[in-house]
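Colleague: I need the structure of the sequence given here:
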Amino acid sequence: MISLAERQYQFMASLLAEDADPLETSSSKLGAGLAIYRNNYRTTLIEALMDTFKRTARWIGDDVFHQAAAHHVIVNPPSGWTLDDVGSGFDRTLAELFAKNQEVSELAWIEWFMHRAFGAANAEPLTVLAFADATAGFDDKDWSTLGLEFVPGIRTCLVHHDVAAIWHACDTDDVSHPPYALDEPLACHVYRDGEQPAFITAPAFENPALDAMVNGAHFGDVLDVLLTLRPHESAVADAGAMLGRWLNNGFIIGLRT
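Modeller: Numbering: from 1, shown residues only. Just a heads-up that it's a prediction; the model follows:
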């Protein structure tokens with residue numbers, strides 16, 4: 001006799017594959033009902049993806065997006081209880097499906113983490129003046145061991161296309177897709193600016209720097225990496241400018257010393 005757990009597993013499988021029959025029945029009425037339920041289930045998930053990835057859908061077209069979304073929910077069925085989680089990993093799915101059009105997955109990555117940043121916990125950014133007061137008496141050792149606390153929901157990645165131009169192009173009727181490839185990659189930071197999610201691009205070295213410091217690295221660790229890439233004076237200047245940008249953009253909420 002089939003167990004309840006096995007029935008539940010087969011039922012979920014049937015929502016993802018038309019050739020599965022979780023109830024092992026020949027009832028045509030039940031089969032028809034299951035087909036309707038399966039269609040409604042997938043439609044709900046695809047609509048949730050469409051709502052989260054509006055610009056990505058506009059960039060590649062609704063029909064193509066629906067096909068990609070259907071593939072994603074079949075291969076990566078959601079395991080959470082909320083539709084807010086359906087988009088997890090969708091950028092990776094698009095990276096596989098659009099391997100020759102990397103801007104698609106980059107755009108989706110931005111939309112997904114802006115979606116997540118919108119629901120992140122509230123936090124008060126540290127002002128430039130407050131940071132200056134807190135570090136006024138720092139010596140070289142203090143700077144080297146300085147750690148930072150960042151606003152919840154902040155994320156960073158490397159992009160190889162002018163994602164800001166693509167983002168704005170999706171707000172217009174022009175989706176002719178001119179070449180947006182960059183000569184050199186940029187860092188892309190997603191965060192919440194007040195009540196609204198936002199993203200900015202920055203020099204590429206900020207991607208590993210921000211990622212490292214979000215995960216507990218010290219300012220001295222980041223400076224050491226920069227020193228391997230450029231002369232001492234340039235590395236120190238770049239590190240200082242980077243810190244200034246993070247403060248001015250409201251990334252930092254506190255210090256760890």
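
Colleague: Tell me, how many residues neighbour the spatially closest residue to residue 116 that is not a sequence neighbour?
Modeller: Nearest residue to residue 116 in three dimensions, chain neighbours excluded: residue 153, at 5.8 Å (C-beta to C-beta, 6 or more residues apart in numbering). All C-beta spots, glycine's among them, are computed from the backbone N, C-alpha and C. By the criterion of other C-beta atoms under 10 Å, residue 153 has 19 neighbours.

Colleague: Now residue 153: which helix or strand?
Modeller: Using DSSP states H and E, residue 153 maps to neither a helix nor a strand.

Colleague: ok, now the one 5 residues further on?
Modeller: Using DSSP H and E, residue 158 sits within strand 155-161.

Colleague: I'd like the next helix or strand past that strand.
Modeller: Downstream of strand 155-161 (by DSSP H and E), the next one is helix 163-169.

Colleague: What are the buried residues along that next one?
Modeller: For helix 163-169, burial by neighbour count (16 or more other C-beta atoms under 10 Å) applies to 163-164, 166, 169.

Colleague: Let me know whether residue 217 touches residue 145 as I believe.
Modeller: No. Applying C-beta atoms under 8 Å as the test, residue 217 and residue 145 come out as separate, 10.7 Å apart.

Colleague: And those two? Which one has more around it.
Modeller: More crowded of residue 217 and residue 145, by other C-beta under 10 Å: residue 217, with 18 against 14.

Colleague: Using the three-state scheme, assign that one.
Modeller: Following DSSP: H, G, I helix; E, B strand; the rest coil, we place residue 217 in the coil state.

Colleague: What's the local residue count around residue 91?
Modeller: 21.

Colleague: Per-residue pLDDT of it, please?
Modeller: For residue 91, the pLDDT comes out at 98.

Colleague: if we can go back for a sec, neighbouring strands of the strand holding residue 158 in the sheet, and parallel or not?
Modeller: Neighbouring strands of strand 155-161 in its sheet, by DSSP bridges, are strand 181-193 (antiparallel).

Colleague: Tell me where the model's unsure across the chain.
Modeller: Counting by pLDDT under 70, the chain shows low-confidence ranges at 1-39, 80-81, 174-175.

Colleague: how about 80 then?
Modeller: Applying pLDDT under 80 to the chain flags the ranges 1-41, 78-82, 173-178, 257.

Colleague: residue closest to the middle of it?
Modeller: residue 113 (3.3 Å; C-alpha atoms, centre = their mean).

Colleague: how about it, what does it touch?
Modeller: 153, 155, 190 (C-beta atoms under 8 Å, 6 or more residues apart in numbering).

Colleague: I'd assumed residue 151 was in contact with the last one.
Modeller: No. Contact status for residue 190 versus residue 151: not in contact, 10.7 Å apart, counting by C-beta under 8 Å.

Colleague: Can you tell me the SS state at the closest residue to residue 250 other than its chain neighbours?
Modeller: Leaving out its chain neighbours, the residue that sits closest to residue 250 by C-beta to C-beta, 6+ apart is residue 125, at 3.6 Å. The three-state label given to residue 125 by three-state DSSP is coil.
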